[in-house]
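Asker: requesting a structural model of the entry that follows:
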Amino acid sequence: MTAGGLDLGKLGFGGAGIGNLYRAIPDGEALATVLAAWDAGIRYFDTAPHYGLGLSEQRLGAVLRDKPRNEFVISTKVGRLLEPASGGGRDPEGFDVPADKKRVWDFSEAGIRCSIEDSLERLGLDHVDIAYLHDADVHDLQDGISRGLPALEKLREEGVVKAIGVGINSAEAALECVEAADLDLVMLAGRYTLLEQPDVPLLDRCEVRRTGVVNVGVYNSGLLARPEVPEDAHYNYDRAPRAVVERARALAAVCNEFGVELPTAALQFPLRHPAVVNVTVGASAPEQVTSNAARMEEAIPEELWDALEAVRRD
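Answerer: Numbering: from 1, shown residues only. I've put the predicted structure just below:
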């Protein structure tokens with residue numbers, strides 16, 4: 001599926017897992033995971049300096065630099081620069097890597113240009129296709145809008161990147177960005193899923209403005225990632241409240257009635273909105289990639305979607 005003149009396909013590969021998110025994985029397993037994505041026909045790959053303090057970019061580039069450059073699309077993110085650090089220990093932001101670098105917020109044009117150059121060095125590529133302003137809602141949304149987005153528009157005009165967007169967790173903040181700049185894409189994390197949809201008119205506005213939505217976090221931190229929802233399921237990176245677990249189990253029960261597993265419905269659901277151009281899913285093992293690719297191609301009866309909608313309205 002296309003956006004900003006780029007063909008992303010239905011399914012993309014998210015690079016946080018190969019940046020050692022939550023647990024360290026060997027280089028060989030990380031590279032095998034990227035290769036599994038390639039072998040499954042995935043041609044859109046997303047990463048960020050934030051993921052493993054650059055480790056995700058390094059590992060992704062180690063595979064993709066040997067592939068024909070015109071056959072894949074790659075995105076990275078700007079807004080955090082990586083600078084040397086000497087404190088020792090492990091990264092405190094969820095990645096199992098040495099804390100030999102520190103993240104420094106910088107939404108200035110100079111900082112964004114520096115971020116792109118540093119990412120290209122880690123990737124070993126001569127250009128990235130898409131640059132997202134990363135987590136402006138976490139740091140300083142107005143600074144991101146007033147400085148970061150104009151800087152990205154300038155880079156696109158110069159041909160440094162082909163498309164620009166925001167990578168963001170808040171639908172409300174995403175809508176502000178969409179209204180403030182000429183964005184090609186919004187990477188929306190965990191806010192438009194089978195379990196929940198935003199109350200703000202973000203996706204409809206994206207459709208009107210021809211801003212494609214790359215949907216990520218479709219499993220809601222693992223809550224929807226298994227056919228049966230366990231008691232200790234996570235939601236929004238924390239233990240899921242009982243009411244949320246029960247709601248997910250109700251969705252799973254309806255899926256089972258139609259012979260469809262919950263993760264399959266969760267993966268395909270976002271593409272039913274015309275503004276959503278791609279679903280990107282992270283993976284830290286080859287079998288996860290293979291499973292996601294197979295789920296994306298499964299046939300789902302239209303009647304299931306109607307039944308799930310009834311559950312969500314209750």
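
Asker: what about the strands in the protein?
Answerer: Counting by DSSP state E, the chain has strands at residues 2-3, 6-7, 11-14, 44-46, 73-78, 80-84, 101-105, 130-134, 163-168, 185-189, 212-216, 234-235, 238-239, 276-282.

Asker: which stretch among the ones you listed comes nearest residue 265?
Answerer: Within the strands of the chain, the stretch nearest residue 265 is strand 276-282; the backing value is 12.2 Å (C-beta to C-beta). Placement of C-beta: from N, CA and C, glycine included.

Asker: what angle separates the closest one from strand 212-216?
Answerer: Put simply, strand 276-282 runs at 30 degrees to strand 212-216, going by axes from the mean of the first three to the mean of the last three C-alpha atoms, to 10 degrees.

Asker: looking at residue 197 now. What's its pLDDT?
Answerer: Note for residue 197: predicted pLDDT of 88.

Asker: what residue ranges in the chain score low on pLDDT?
Answerer: 1-3 (pLDDT under 70).

Asker: surely residue 138 is in contact with residue 167?
Answerer: No: with contact defined as C-beta atoms under 8 Å, residue 138 does not count as touching residue 167 (10.4 Å).

Asker: hey, what's in contact with both of these two?
Answerer: Shared contacts of residue 138 and residue 167, defined by C-beta atoms under 8 Å, 6 or more residues apart in numbering, are absent.

Asker: more crowded one of those two?
Answerer: residue 167 (28 against 14; other C-beta atoms under 10 Å).

Asker: tell me how far the more buried one lies from residue 51.
Answerer: According to C-beta to C-beta, to the nearest Å, residue 167 stands 11 Å off from residue 51.

Asker: burial of the spatially closest residue to residue 278 that is not a sequence neighbour, as a residue count?
Answerer: Using C-beta to C-beta, 6 or more residues apart in numbering and skipping the chain neighbours, the partner closest in space to residue 278 is residue 8 (4.2 Å). Counted with other C-beta under 10 Å, the neighbours of residue 8 add up to 27.
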